[in-house]
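Asks: just to be clear, the model below is a prediction. Sequence and coordinates:
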Amino acid sequence: MMETRGVDPCASFISSQLQSADDTTVFAKSGIRRAVTISRQTGCGALVVAEKLAHYLQEHSRGAAPWTVFDRNLIDKVLEEHDLPPCLAKFLPEDRVSQLEDFLDEMFEVHPPLQTIVHQTAETMLGLASMGRVILIGRGGNVVTARLPGVLHVRLVAPFEKRVEHAHQYYDMTRAEAQKFCIKEDLGRARYLKKYFNADIDDPLLYHLIVNTGQMDYNAAAKLIGEAVLNPD
């Protein structure tokens, strides 16, 4: 199973961005820093596609700074930037909203409102996207960065059975577990976007590109997205 990049690569990414003022890419010359947000149905292979996309963009665009994927590792960055307790990490994914509210009520007499934590997460995402050469997965990244130039918003979809099969293999679940997992995760993500951004995750107008990974393999999906990033006009 492919591992999500951790906090050390995040730090390396930020350091390299600060040192890349001499970047000679066409994007740097135009003053636009490119980034990608990926919204996904559960089991579409978003992390796999994102990692392949980062590799594709790295190969086909010049510049010292690496293209970096932020998924679960985004949580570490949010906790670090906003001085939040590490014990919140397991509650910050999009499908843990109600659990986090209960946890905060039990742990703190005065705790940061959940809305504040969501806002802090959005701030971190906006800052990363502003630096460019990032691929942000989930957490309303497309809504958060909607007004930021140079950001391509992608939605990954696939037939339910294919998504279940992916979850079954990728997360080492039984098929019954994978079915429940896909349904639960999708509901959690939709609820997160609706509650905190008043947006419908399935609204096609929120995205530049909708890719069906049931109709093309992950390499082809990554290449399609990569070409849209590299040739935006």
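Replies: Now that the structure is in, tell me what you want to look at.
Asks: which residues in the protein form helices?
Replies: For the chain, helices defined by DSSP state H occupy the ranges 7-18, 26-30, 46-60, 73-81, 97-107, 114-131, 141-144, 160-170, 175-197, 218-230.
Asks: how about the shortest one: buried residues?
Replies: Pointing back at helix 141-144 there. Across helix 141-144, burial judged by 16 or more other C-beta atoms under 10 Å covers 141, 142, 143, 144. Every residue, glycine included, has its C-beta placed from N, CA and C.
Asks: of all those residues, which comes closest to residue 162?
Replies: Lowest distance from residue 162 to the buried residues of helix 141-144 (C-beta to C-beta) belongs to residue 142, with 22.9 Å.
Asks: that closest one reaches residue 153, doesn't it?
Replies: Yes - under the criterion of C-beta atoms under 8 Å, residue 142 is in contact with residue 153, at a separation of 4.0 Å.
Asks: quick one, what contacts residue 53?
Replies: 36, 67, 135, 222, 225, 226 (C-beta atoms under 8 Å, 6 or more residues apart in numbering).
Asks: and with 7 Å instead?
Replies: 36, 135, 222, 225, 226 (C-beta atoms under 7 Å, 6 or more residues apart in numbering).
Asks: now swap in residue 42 and tell me
Replies: 163, 167, 181, 182, 185, 186.
Asks: residues contacting the third one?
Replies: Read it as residue 181. 42, 167, 173.
Asks: let's see it at 6 Å
Replies: residue 167 (C-beta atoms under 6 Å, 6 or more residues apart in numbering).
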